[in-house]
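> generate coordinates for the sequence data below:
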Amino acid sequence: MNKPNRTALAVLSFALGAFGTTAAIAAYPDKPIKVVIGFPAGGPLDQHARLLTDKLQAVLGQPLIVDYKPGAGGSVGADAVAKSPADGYTLMLANTGVAVINGALYSKLPYNTQRDFVPIARTAMQPLALLVTPKLPVQNLKQFIDYAKARPGQVNYGSAGNGGISHLVPEMFKTATGLFMVHIPYRGSAPAFTDLMGGQVQFMAESIPQAANYHKQGKVRALAVTSRERNPALPDVPTVIESGVKGFEVVGFYGFLAPKDTPKDVVAKLSDAFRQVLTSPEVRERMVSQGADPAYLGSEDFARFLATETPRWDKAVKASGARMD
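Numbers count the residues shown, from 1 in each chain. Below is the predicted model:
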């Protein structure tokens, strides 16, 4: 009886293994996909996820289940995803804070975005509006800059808390204009808005839907939006660049990431699913109504975007002096 040819067996074993891997990827997904959000239910990220998951199920053929793991500015959820199997069945929906700000805010962050994750797709950009209390005698951004420059240290700006985007965007604005304003952190945007309307703070940067709502009611005055182009929710409000601050474009973003070493074919399949969903007029219209601009980037382009944004926000955090531990 002839002995088995070891070389032939090795080739056969490799071929069967490769076939098994290819078949597994071709079958992906064959069970529900979990989307982890590092914040409580009901917030902006939750709304964004809910907007996309039904459409994604139609494309991928499997439900996407939202799992909330709040804590430490989204870090608890991010850490859980980083330590999950890299099989495409656990994704993270991240915002600007989770993806690029936390690394500068927390000295002992348990994850590193560029080391521990593979980007799947950027899904949206989120511009902000620069607001003032109606009690202030200014009608546009140039008048506000002149007003604040004439009163260094006398103008306060509110935020939803230390180290968040509503704190850091005004810090970037201060750097760009040479203003000296005092930061007043609140526990959430609601009390900050209350004091802005009442004139206890004079300036604030906030997401478009809430800002547009209060602006239209005359409770606050929107002076400019931070995106490169005007926003449909505030069509008569110019951009910061239009208002004379050259090159000032600062927007938040939303995007999906998976644990590092997730197979490339799985990443490509997920990324293409997001591309398809974001071409839907219904999805795009609803996303804009939530204050986010559809802004798809595939995996490689999203990775390059994160590499560019990280040092930018790191610089803003350091300039603000914000620390969370």
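
> so which bits of stretch 289-301 are buried?
290-299 (16 or more other Cβ atoms under 10 Å). (Glycine included, C-beta is placed from N, CA and C.)

> the residues you listed: which two are farthest apart?
291 and 299 (25.2 Å; Cβ to Cβ).

> which residue ranges of the stretch 1-150 of the chain form strands?
Taking DSSP state E, counting those that start in this stretch to define them, one finds strands in the stretch 1-150 of the chain at 33-37, 64-68, 90-95, 117-132.

> now render the ones you listed as TSV, adding distance to residue 242, mean pLDDT and mean neighbour count.
Shown next, in TSV, are those (distance: least, Cβ to Cβ, whole Å; pLDDT from 0 to 100; neighbours: other Cβ atoms under 10 Å):
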stretch	distance to residue 242	mean pLDDT	mean neighbour count
strand 33-37	35	98	21
strand 64-68	38	97	16
strand 90-95	26	97	26
strand 117-132	12	96	25
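
> any chance of these in JSON lines with distance to residue 49 as columns?
Below are these laid out as JSON lines (distance: least, Cβ to Cβ, whole Å):
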{"stretch": "strand 33-37", "distance to residue 49": "6"}
{"stretch": "strand 64-68", "distance to residue 49": "5"}
{"stretch": "strand 90-95", "distance to residue 49": "5"}
{"stretch": "strand 117-132", "distance to residue 49": "10"}
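
> my guess is residue 219 meets residue 133, correct?
No: using Cβ atoms under 8 Å, residue 219 is not in contact with residue 133; the gap is 9.0 Å.

> between the two, which one's more packed in?
residue 133 (20 against 16; other Cβ atoms under 10 Å).

> pLDDT score for the more buried one?
According to the prediction, residue 133 has pLDDT 98.

> how close does it get to residue 175?
23 Å (Cβ to Cβ, to the nearest Å).

> mind listing the strands for the stretch 151-300 of the chain?
Remark: strands assigned in the stretch 151-300 of the chain by DSSP E, counting those that start in this stretch are 156-159, 182-185, 203-207, 221-225, 251-259, 293-297.

> strand partners (parallel or antiparallel) of the longest one?
Right, strand 251-259. Strand 251-259 has the following sheet partners, assigned by DSSP bridges: strand 90-95 (antiparallel), strand 117-132 (antiparallel).

> excluding chain neighbours, give the residue nearest to residue 270 in space.
Nearest non-adjacent residue to residue 270, counting by Cβ to Cβ, 6 or more residues apart in numbering: residue 120, 5.0 Å away.

> and residue 209, by the same measure?
residue 291 (3.9 Å).

> measure that neighbour to residue 302 for me?
In terms of Cβ to Cβ, residue 291 sits 21 Å off from residue 302.

> list the residues that contact residue 114.
303, 306-307, 310 (Cβ atoms under 8 Å, 6 or more residues apart in numbering).

> just the buried ones among those, please.
Buried among the contacts of residue 114 by 16+ other Cβ under 10 Å: 303, 306, 310.

> now the helix or strand encompassing the last one: average pLDDT?
It refers to residue 310. Residue 310 belongs to helix 299-320 when assigned by DSSP states H and E. Averaged across helix 299-320, pLDDT comes to 95.

> what helices or strands is that helix leaning on?
Packing partners of helix 299-320 (3 or more Cβ pairs under 8 Å, 6 or more residues apart in numbering; DSSP states H and E): helix 102-105, helix 113-116, strand 117-132, helix 165-177, strand 251-259, helix 264-277.

> between helix 264-277 and that helix, find me the angle.
Helix 299-320 runs at 80 degrees relative to helix 264-277, counting by axes from the mean of the first three to the mean of the last three Cα atoms, to 10 degrees.

> sorry, back to before: okay, the helices and strands packed on helix 299-320 in a markdown table with distance to residue 323 next?
Shown next, in a markdown table, are these (distance: least, Cβ to Cβ, whole Å):
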| stretch | distance to residue 323 |
| --- | --- |
| helix 102-105 | 7 |
| helix 113-116 | 19 |
| strand 117-132 | 23 |
| helix 165-177 | 12 |
| strand 251-259 | 21 |
| helix 264-277 | 34 |
